[in-house]
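Chemist: please work out how this folds:
(one chain, ligands or ions: 1)
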Amino acid sequence: MEGGVWYSNINVVVLRVLLSLAVIGVVGFLVHVYNTLWLKSERVRRKLRMQGIKGPTPSFLYGNLPEMQKIQLQTLKASPPNHHSEFVAHDYTSTLFPYFEQWRKEYGLLYTYSTGSRQHLYINQAELVKEMNQSLTLDLGKPSYVTKRLAPMLGNGILRSNGLLWAQQRKIVAPEFFMDKVKPMVRKWEECIEAQGGTTAEVKVDEDLRGVSADVISRVCFGSSYAKGKLVFSKLRSLQKIISHQGFLFGVTNLGIFGSKKQNEIGCLEREIDMLIWKAIEERDQQECSEKKDLLQLILEAASGDHSLDKDSCRRFIVDNCKSIYFAGHESTAVATSWCLMLLASHPDWQARIRSELAQVCPNGLPDANSLPHLKTVTMVIQEALRLYPPAAFVSREALEETQVGNITVPKGVCLWTLIPTLHRDPDVWGPDANEFRPERFADGVAQACKSPQAYIPFGLGPRLCLGKNFAMVELKLIISLIISKFAFSMSPNYRHSPAYRMIVEPGNGVQILIEKTSPSLTS
Ligand code: HEM
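Modeler: Below you'll find the model as predicted:
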């Protein structure tokens, strides 16, 4: 009997201990969650507040995400502009990222906001943007939570890597982007565009431009023809569409992982792309390639010469950088050309000016490698198009360690965002006509076009400046000049103005223009 009581007493004690442990565990867990999800961010916010940086009040767990979604929904209900003159004045941030616009009006050009436990700084003061972009510290990198999501597309190649790995990749990739490498391609571009000929017709330019730009980047950088790279591009585009679906930067998908079906699709495409690139590498004629030295050859040689890389890392290094360049090199240029044609279609006077310059500068009315540097008007038009419709909406960084940007101490983990189109339309920098298409503002170069040349950043600025800037400008100049030398064009009534954010800002429903063959006398 006594033994039974003793046993049941023991049981009660054990039960109590277990219960207490469970309570301590749960409380500990809750404290941990509270600490990581709130206190940690609150400490970061306090540091920013103490420096006078304000921002919207975040809610527990979700930060400012609910407010962002509410503002976005309200904006969706408002109808987008549908008249030509309004397309130009339309700053796409007001429809794509309306919360940034609203907060900018409330808190100014520097404010802080949070998405879940992540804290961000919106930086659009020209001076601070310059400091951030020109900072040489490796403690500022690309935001890791965004680049993690882009990993299937870009691997750990130059576009998303940070620190020493980025510095090493930049050194290897940079030499390939000098102008002289571009010149031999000019003739091939001429053939590409000329082959499309035609009389009066409506064309949707986007896919054609993507084709041309894919061909160009494939041949110049990888020495292979578009036919070989074609599958890689179409699969990369599918990946881009899946990843950028539903506001991948700050939308709901940000709170969790993609659904498992989407994740599988992403995984499959990633493996297929890796295999295709690797197959193209294996099929290369080694002797011919080591003589010609295209970008792929440089990457191959750098990877095989680095003895710290094992076989798998070597393969990753090669494939990841190929993917990065494939994406960076062709999407942005194709989209920039589409926006440029959209703006030119609404401004026939600028088409005429380019056409008359072509007639003066080019002996047979057609641009080539030698006449290209003398085509000033087309450069001004492209600069103005990249100002109003920059394909890259953001320059973004993460403070990998506590870092100084100008007079601001940025706590570790904070992500910094500069909205390029907003900076490009700031009337304090560009004057009261900031929302108008006026290419003549660039007549004496960028420095004379605005108060602070560092506020013009379609290609970024500083150590992470776009590696393909010169390359892209040459490509754009050539394509636009060739199209204008062949066609006069206007906006099709079927065009619907709908900028969409798919990692870059592209015309959501394409650009439809009505083209008409120019008479030979106009160009010769
Ligand atoms: C109109 C066309 C283009 C635009 C608007 C554009 C814009 C940009 C921007 C804004 C950045 C990021 C800068 C930063 O984070 O500070 C960038 C980076 C980069 N771009 Fe471009 N780009 C274009 C064409 C190209 C082309 C044609 C290539 C290659 C052939 C290319 C290769 C790269 C690379 C490799 C980087 C990463 C550089 C680094 O992180 O060190 N881009 N580009």
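Chemist: for the ligand, what's its nearest residue on the chain.
Modeler: Nearest to the ligand, among the residues of the chain, is residue 468, at 2.1 Å (C-beta to the nearest ligand atom). (Glycine included, C-beta is placed from N, CA and C.)
Chemist: what does the stretch 1-150 of the chain put close to the ligand?
Modeler: residue 133 (C-beta under 6 Å from any ligand atom).
Chemist: now the helices for the stretch 1-150 of the chain?
Modeler: Assigned by DSSP state H, counting those that start in this stretch, the helices in the stretch 1-150 of the chain fall at 2-34, 40-49, 65-77, 84-89, 93-96, 98-107, 126-134, 144-154.
Chemist: now tell me what touches the fourth one from outside.
Modeler: Under the criterion C-beta atoms under 8 Å, 6 or more residues apart in numbering, residues 81, 342-343, 346, 388, 435-437, 491, 497 lie in contact with helix 84-89.
Chemist: just the ones of those in strands?
Modeler: Among the contacts of helix 84-89, DSSP state E puts residue 491 in strands.
Chemist: show me just the buried residues among the contacts of helix 84-89.
Modeler: Among the contacts of helix 84-89, the ones that count as buried by 16 or more other C-beta atoms under 10 Å are 342-343, 346, 388, 437, 491, 497.
Chemist: the bottom helix or strand of the protein by mean pLDDT?
Modeler: The least trusted helix or strand in the chain, going by mean pLDDT, DSSP states H and E, turns out to be helix 183-194, with a mean of 46.
Chemist: can you list the weak-confidence ranges in the stretch 351-500 of the chain?
Modeler: 369 (pLDDT under 70).
Chemist: correction: the stretch 51-200 of the chain
Modeler: For the stretch 51-200 of the chain, the stretches with pLDDT under 70 are 153-160, 165-166, 168-200.
Chemist: buried stuff in the helix or strand that residue 313 is a member of?
Modeler: Assigned by DSSP states H and E, residue 313 belongs to helix 311-345. Applying a neighbour-count criterion of 16+ other C-beta under 10 Å, one finds 314-345 buried in helix 311-345.
Chemist: to residue 416, which of the helices of the stretch 1-150 of the chain lies closest?
Modeler: Closest approach to residue 416 among the helices of the stretch 1-150 of the chain is made by helix 126-134 (6.0 Å; C-beta to C-beta).
Chemist: dump the helix or strand hosting residue 360 to PDB, restricted to CA.
Modeler: Assigned by DSSP H and E, residue 360 belongs to helix 348-361. Output of helix 348-361 as PDB, limited to C-alpha atoms (Å, rounded to 0.1, in the frame of the first residue of the first chain):
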ATOM      1  CA  PRO A 348       7.900  61.400 -84.700                       C
ATOM      2  CA  ASP A 349       9.900  64.600 -84.600                       C
ATOM      3  CA  TRP A 350      12.800  62.800 -82.800                       C
ATOM      4  CA  GLN A 351      12.600  60.000 -85.400                       C
ATOM      5  CA  ALA A 352      13.000  62.600 -88.100                       C
ATOM      6  CA  ARG A 353      16.000  64.200 -86.300                       C
ATOM      7  CA  ILE A 354      17.700  60.800 -85.900                       C
ATOM      8  CA  ARG A 355      17.000  60.100 -89.600                       C
ATOM      9  CA  SER A 356      18.500  63.300 -90.800                       C
ATOM     10  CA  GLU A 357      21.600  62.800 -88.600                       C
ATOM     11  CA  LEU A 358      22.000  59.300 -90.100                       C
ATOM     12  CA  ALA A 359      21.800  60.900 -93.600                       C
ATOM     13  CA  GLN A 360      24.600  63.300 -92.600                       C
ATOM     14  CA  VAL A 361      26.900  61.000 -90.700                       C
END
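Chemist: mind listing what's buried in it?
Modeler: 350-351, 353-355, 357-359, 361.
Chemist: possible to save those residues as JSON lines with distance to the ligand?
Modeler: Output for the buried residues of helix 348-361, formatted as JSON lines (distance: C-beta to the nearest ligand atom, whole Å):
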{"residue": "350", "distance to the ligand": "19"}
{"residue": "351", "distance to the ligand": "20"}
{"residue": "353", "distance to the ligand": "22"}
{"residue": "354", "distance to the ligand": "18"}
{"residue": "355", "distance to the ligand": "23"}
{"residue": "357", "distance to the ligand": "21"}
{"residue": "358", "distance to the ligand": "21"}
{"residue": "359", "distance to the ligand": "26"}
{"residue": "361", "distance to the ligand": "23"}
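Chemist: wait, which of those residues is closest to residue 383?
Modeler: Closest to residue 383, out of all of the buried residues of helix 348-361 and judged by C-beta to C-beta, is residue 350, at 12.3 Å.
Chemist: ok, the closest one touching residue 438?
Modeler: No - with contact defined as C-beta atoms under 8 Å, residue 350 and residue 438 do not form a contacting pair (9.9 Å).
Chemist: how about the residues of the stretch 251-400 of the chain by the ligand?
Modeler: Residues of the stretch 251-400 of the chain lying near the ligand (C-beta under 6 Å from any ligand atom): 324-325, 328-329, 332-333, 336, 391-392, 395.
Chemist: and with 8 Å instead?
Modeler: 324-325, 328-330, 332-333, 335-336, 386, 390-392, 394-397 (C-beta under 8 Å from any ligand atom).
Chemist: return the distance of stretch 38-51 from the chain's centre.
Modeler: Centroid separation for stretch 38-51 versus its chain: 29 Å, with C-alpha atoms, centre = their mean, to the nearest Å.
Chemist: try stretch 449-466
Modeler: The answer for stretch 449-466 is 15 Å, by C-alpha atoms, centre = their mean.
Chemist: for it, measure first residue to last.
Modeler: End-to-end distance for stretch 449-466: 21 Å, by C-alpha to C-alpha, to the nearest Å.
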